[in-house]
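Visitor: would you be able to build a 3D model of this:
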Amino acid sequence: MKDFNVVILGCGTVGGGVARILCDMQEVLSSRVSGHINLKKIVDLDPKTAIDRFGIAPELFCGGGKSITKDEADKCIKELIESDDIDLVVETIGGSNDYVEELAIRICNAKKHLVTANKALLAERGKRIFEAAKNNDITLGFEAAVCGAIPIIKTIKESFTGDSIISLSGILNGTSNYILTMMQNEGMDFHEALKLAQDNGFAEADPSLDINGGDAGHKLVILLKLAFGIEATMNQLSIAGIEKITKEDIEFADEINCKIKLICYAKKIDSKIYATVCPMMVKNSNFLSGVNGATNAVRVINKYSGKHILLGAGAGSYETASSIVADIVFAAKYSKVNQSVYDKNTLDFIDAKHFELPYIITFETVDSPGITGLVTTSIGNQNINIDTVSHNRHMTDRAIFSIATVPCTLLQIEKAIDEIDQSNPKLLLSPPKVIPILY
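Guide: Numbers count the residues shown, from 1 in each chain. Reported below is the predicted structural model:
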């Protein structure tokens, strides 16, 4: 095999890790493809941080290690993309704006293999990029876009091609999992746990995408393409974050032998797909309940081979970079294999409100006798069977309690809440909190 030449666009936390691994492991990686994998050039506006942090040779950067303007960077990128000497481009610029989308398509149209960790780009604008990769017969590698170092993409696309996926559920965001772990194990409230996550480098200064479910939603959209062949969008997904989880929720979870986790969930029933991202009460008998800290995990249930669990680091410089390098090696070794292809199906994407799950409903009400009876009567009127009722937490002029149901739909629960509101308008002090239970 001739030399396989790589360029990196963007040399931050992930791009710098890729560069370091390619330099450190050049001989080993080359032996795995019976040729030479060479890092030819890196484009970054301000490379000094990457040079100092990762020990990268300044001459590998456009501009020789000096800061460059955006116009200079664009000129360098154009020359590299058009060069016959370049085989693959790593995009670690990030973002899902027009510029990055068009850049990805230009790379594909120039018949360069493309590897990216950009989950937001693929989830929000991936259709054109996948099509460009297919039309130009190049490899599009994106293992690092979902769960960092965990090889969930290759597992679904390659290892499970002889089977049919029934459902997948997982913890796909390490920041939210770290926060929930601190709340559950250390008794912290949400804001205390978030600050600790920021102090320890698990959460950004602006943690919005992590705590509101957006980051996990991007990853689930990608997995839905691969596992079920559907073109779901973020707008179609039911997404909720962890911002409203309280100490009372943690206590109610303990009462029913659960741990609260932000779960990405999808299930195929006949020709219908149900999918959601939301906090769930995960039963202690479920492996996911014991996944703590910033760790990620995915549970896949197949029709023939049963249950599979993948566990590992879902983020981090070298962890994510290792997945990118694996995609580079794959492209170098099997450059004629189009890694970007996925089967397209015409399954119906159904609103999560119609899917049956057991739920726990937490009520904040005025503190007066008979409240629990009124609530349970309305729930029963919607043909919802009750599993357990928690102890009331009496707090001066209010009470908080929860009711765990057997499987029912969110629509049934919403109708029960409407009935409570209409028959007793002053009973509920806040909208009830509804959290699915995952066995």
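Visitor: and the strands in the stretch 301-439 of the chain?
Guide: Counting by DSSP state E, counting those that start in this stretch, one finds strands in the stretch 301-439 of the chain at the ranges 306-313, 348-350, 359-366, 386-389, 393-395, 398-405, 433-438.
Visitor: and those, which one is worst for confidence?
Guide: Lowest mean pLDDT within those: strand 393-395, at a mean of 84.
Visitor: what is that strand packed up against?
Guide: strand 398-405 (3 or more Cβ pairs under 8 Å, 6 or more residues apart in numbering; DSSP states H and E). Heads up, the C-betas are built off the backbone N, CA and C, glycines and all.
Visitor: name the residues of the strand it packs on that are buried.
Guide: Residues of strand 398-405 classed as buried: A399, I400, F401, S402, I403, A404, T405 (neighbour count, 16 or more other Cβ atoms under 10 Å).
Visitor: residues contacting the closest residue to the third one other than its chain neighbours?
Guide: With Cβ to Cβ, 6 or more residues apart in numbering as the criterion, F401 has its nearest non-adjacent residue at 4.6 Å, and that residue is N392. Shown in contact with N392 (Cβ atoms under 8 Å, 6 or more residues apart in numbering): T372, A399, I400, F401.
Visitor: tell me the spacing between N392 and E158.
Guide: Between N392 and E158 the distance is 52 Å, computed by Cβ to Cβ, to the nearest Å.
Visitor: how about E124?
Guide: Here the distance between E124 and E158 works out to 25 Å (Cβ to Cβ).
Visitor: so for the two, which sits in the more crowded spot?
Guide: More crowded of E124 and E158, by other Cβ atoms under 10 Å: E124, with 17 against 11.
Visitor: include distance to K261 when you put the buried residues of strand 398-405 into TSV, please.
Guide: Shown next, in TSV, are the buried residues of strand 398-405 (distance: Cβ to Cβ, whole Å):
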residue	distance to K261
A399	27
I400	22
F401	23
S402	17
I403	21
A404	17
T405	19
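Visitor: quick one, helices of the stretch 251-400 of the chain?
Guide: For the stretch 251-400 of the chain, the helices defined by DSSP state H, counting those that start in this stretch occupy 317-333, 371-381.
Visitor: nearest spatial neighbour of I56, skipping sequence neighbours?
Guide: A19 (5.1 Å).
Visitor: and the one you found, what element?
Guide: In this structure, A19 sits in helix 13-24 according to DSSP states H and E.
Visitor: what lies in contact with that helix?
Guide: Residues from elsewhere that reach helix 13-24 (Cβ under 8 Å, 6+ apart): 6, 8-9, 11, 29, 37, 39, 42, 44, 50, 53-57, 60, 90, 92, 117, 144, 317-318, 320-322, 324-325, 328.
Visitor: show only the entries of these found in strands.
Guide: V6, I8, L9, I37, L39, I42, V90 (DSSP state E).
Visitor: give me the buried positions along the helix or strand of the chain with the lowest mean pLDDT.
Guide: When the helices and strands of the chain are scored by mean pLDDT, DSSP states H and E, strand 393-395 comes last with a mean of 84. For strand 393-395, the neighbour count (16+ other Cβ under 10 Å) marks R393 as buried.
Visitor: which other residues reach that strand?
Guide: Contacts for strand 393-395 (Cβ under 8 Å, 6+ apart): E248, E251, D367, A399, I400, F401.
Visitor: mind picking the two most distant members of the residues you listed?
Guide: Longest distance between any two of those is 17.6 Å, between E251 and D367; criterion Cβ to Cβ.
Visitor: where does pLDDT dip in the stretch 301-439 of the chain?
Guide: 336-342 (pLDDT under 70).
Visitor: how long is stretch 191-207 end to end?
Guide: In stretch 191-207, first residue to last residue: 12 Å (Cα to Cα, to the nearest Å).
Visitor: name the residue most distant from the centre of the protein?
Guide: Note on the chain: the largest C-alpha distance from the chain mean falls to P369, namely 44.3 Å (Cα atoms, centre = their mean).
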